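> quick one, fold the following:
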Amino acid sequence: MVQITALFIYPVKSCRGISLEEAQLGSRGFLHDREFLIVDETNSFLTQRSAPQLATVQIALTKTGLVLKAPDAGELHVSFSGMEEQSRSSSPRHVTIFSDQVLADDVGDEAAEWCSAVLARRCRVVRIGASYARKVRLEENAQEHHHSTQAPEISFTDAFPTLLISEESLADLNTRLPKSLLMDRFRPNIVVRGCAPYDENTWKRVKAGGIVFSCATPCERCVITTIDQETGTRDGVEPLRTLATYRRVPGGSGVIFGEYLIHSGSGKLRVGDALTTERAQGQTPR
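Predicted coordinates for the structure are as follows:
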């Protein structure tokens, strides 16, 4: 039986994740996942690709607001009420994330100054607000193994609402690496156990907690997987070098690990939920 063993959200894109026992799915994915984004002076998005120290920023969500904590920087508390007041008193920012131009609400000067000190560069923090609109670009992300036809709304995630990885896939990868890696290198939302390694890339649909997911496309991995998520420093070229020997994008030069999902409807997922899987025609574990 395939079973959910862990659930994660990443409220501030590229900062540390939060482990949950249950997670609420909304129209854009898990509630609060990639709801906040740090942007540079040109309002272009920042991630660990160019600011690896973001990995050291711990995040907490409370009933009243967002808490950020980083080494030698103390804690920053930003209240939801303060964010709402800020959004009412200022115009949304025009923000660039990959090839998308979106409108997002500025969180305020205190958050901007705190993050600027942590990153040693001028930046702002923005949040998804009423003016925000962004959808999956299916035409850019479609591959041979692609089972979704509708473009859903997404948050500040890279490409799709949800990322699933099996424990077995990581265990197999670790047998090939000079040093084992933790799952946090790959920043999944859903972790499962009970299938063959890389089986997730052969599924057409999965169902858990009464929610149906279409398996959209394998996740193409980037340099963030080489960054130690505890220290925020690059740790050589692994796992990308090893993945390149056996997990390449079909017909391409990139490497894959994990499967992007698109869900229908809303509801809750819980650690321990069983996952029902439907294999795509002609697909076998590899």
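> residue 69 contacts residue 75, doesn't it?
Yes. Under the criterion of CB atoms under 8 Å, residue 69 makes contact with residue 75 at 4.7 Å. (Glycine included, C-beta is placed from N, CA and C.)
> neighbour-wise, which of the two wins?
residue 69 (17 against 11; other CB atoms under 10 Å).
> looking at this, the more buried one is in a strand?
Yes. Residue 69 sits within a strand when classified using DSSP: H, G, I helix; E, B strand; the rest coil.
> dump the residue contacts of it.
57, 58, 59, 60, 75, 76 (CB atoms under 8 Å, 6 or more residues apart in numbering).
> with residue 248 instead?
Taking CB under 8 Å, 6+ apart as the test, what residue 248 contacts is 254, 255, 256.
> hmm, 10 Å instead?
220, 254, 255, 256 (CB atoms under 10 Å, 6 or more residues apart in numbering).
> rewinding a little: list the residues that contact both of residue 69 and residue 75?
Contacts common to residue 69 and residue 75, judged by CB under 10 Å, 6+ apart, are 58, 60.
> least confident pick among the contacts of residue 248?
Least confident of the contacts of residue 248 in the model: residue 254, at 94.
> neighbours of residue 171, how many?
12.
> so it, which state does it fall into?
Per three-state DSSP, residue 171 ends up helix.
> if I pick the spatially most distant residue from the centre of the chain, what's in contact with it?
What lies farthest from the middle of the chain is residue 89; by CA atoms, centre = their mean that is 30.1 Å. Under the criterion of CB under 10 Å, 6+ apart, the neighbours of residue 89 are 106, 108.
> and it, how far is that from residue 30?
As judged by CB to CB, to the nearest Å, residue 89 and residue 30 stand 29 Å apart.
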